[in-house]
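Chemist: Return a 3D structure for these sequence lines:
(one chain, ligands or ions: 2)
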Amino acid sequence: GKKGFIFDLDGVIVDTAGFHYLAWRNLAHELGFEFTEKQNERFKGVSRVRSLEILLEIGDVKATQEQKEGWLVSKNEEYLSYISKMTSDDILPGVLKVLDYLQEKQIPMALGSASKNAQPILKRVGLFDRFDSIVDGNHVTKAKPDPEVFTIGADALGVAYTDAVVFEDSIAGIQAANRVDMVSIGIGDAQVLHEADHNFKDFTEIDTAFLDQLINA
Ligand code: B16
Ligand code: MG
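Modeler: Ligands and ions are numbered 1, 2, ... in the order given. As a prediction, the model looks like this:
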């Protein structure tokens, strides 16, 4: 059937994973513990609320609901201050070429992100108008590895789940795509994302021959 392509945002289209990490690490320091980049792997693709729970587990911090809500707000404010400085230069290498090629081939495209900040980020980097559908943290009730964010996207594009191709940088996101038999493409460390159907370090490694192969499969 007709193929549709679905892109995760953080770590796939833009390099905001580093901003999330900085903001969570600063909160950890405030609470008196260390938070490493390796530990941050588990935060990718995970909702803001769940991320805080994991962070507090790591630091063995007990907190009231009120404290947690305050930290969620201050973390997001710090994150928003980082993304307010983003420009189209923050689009990850190779991404525009792939989007251009798929657009030229008239392939429907959706965004499938856990982030509640997806829309302002897309606007800042000038990609808001490039997607036929934008599904983000404001639209889903179940977080990755639940496939909801991708199934809503495929439904919006009018393609069967088995005809959807998903680009993801997180373990949870790859698992979400695999659960409904979408074609999963891991962007990043192939060892971390070994459950993906295909792996690439970044979009510069993806050529038009590979895209044609996906389109015509
Ligand atoms: P926000 P993605 C995810 O975006 C990030 O990978 C994850 O680290 C973050 O906690 C989550 O969005 C929520 O983001 O705090 O902006 O709502 O990778 O699914 O595009
Ligand atoms: Mg991501």
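Chemist: Please tell me I have it right and residue 94 contacts residue 206.
Modeler: Yes: taking CB atoms under 8 Å as the definition, residue 94 is a contact partner of residue 206 at 6.5 Å. In short, each C-beta sits where N, CA and C put it, glycine included.
Chemist: Give me the more crowded residue out of these two.
Modeler: Taking other CB atoms under 10 Å, residue 94 and residue 206 do not tie; residue 206 has more neighbours (21 against 17).
Chemist: so that one makes contact with residue 101?
Modeler: No: using CB under 8 Å as the test, residue 206 is too far from residue 101 to be in contact (9.4 Å).
Chemist: longest helix of the protein?
Modeler: The residue-count maximum for a helix in the chain (DSSP state H) belongs to helix 65-83.
Chemist: That helix: how far from the chain's middle?
Modeler: Offset of helix 65-83 from its chain centre (CA atoms, centre = their mean, to the nearest Å): 19 Å.
Chemist: hmm, whatever helix or strand comes next after it in reach of ligand 1?
Modeler: Next helix or strand after helix 65-83 toward the C-terminus (DSSP states H and E): helix 95-104. No: legend: contact between helix 95-104 and ligand 1 by CB under 6 Å from any ligand atom is lacking; minimum distance shown is 13.2 Å.
Chemist: in helix 95-104, what's buried?
Modeler: Neighbour counts using 16 or more other CB atoms under 10 Å place 95, 96, 98, 99, 101, 102 of helix 95-104 among the buried residues.
Chemist: Return the member of those residues nearest to residue 115.
Modeler: residue 95 (16.4 Å; CB to CB).
Chemist: what packs against the longest helix of the chain?
Modeler: helix 17-30, helix 48-59, helix 118-125 (3 or more CB pairs under 8 Å, 6 or more residues apart in numbering; DSSP states H and E).
Chemist: Export the longest one to CSV, keeping only CA atoms.
Modeler: Put plainly, it is helix 17-30. This file holds the C-alpha atoms of helix 17-30, laid out as CSV (Å, rounded to 0.1, in the frame of the first residue of the first chain):
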residue,chain,number,x,y,z
ALA,A,17,18.0,15.8,23.7
GLY,A,18,21.1,17.7,24.9
PHE,A,19,18.9,20.6,26.2
HIS,A,20,16.6,18.2,28.1
TYR,A,21,19.7,16.6,29.6
LEU,A,22,21.2,19.9,30.7
ALA,A,23,17.9,20.9,32.4
TRP,A,24,17.4,17.6,34.2
ARG,A,25,21.1,17.5,35.2
ASN,A,26,20.8,21.0,36.7
LEU,A,27,17.8,19.9,38.7
ALA,A,28,19.7,16.8,39.9
HIS,A,29,22.6,19.0,41.0
GLU,A,30,20.1,21.3,42.9
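Chemist: which residues are contacting that helix?
Modeler: Residues outside helix 17-30 that contact it (CB atoms under 8 Å, 6 or more residues apart in numbering) are 10-11, 34-35, 37, 40, 43-44, 51, 55, 58-59, 71, 74-76, 78-79, 82-83, 169.
Chemist: List, out of the residues you listed, those positioned next to ligand 1.
Modeler: Within the contacts of helix 17-30, those near ligand 1 by CB under 6 Å from any ligand atom are 10, 11, 43, 44, 51, 76.
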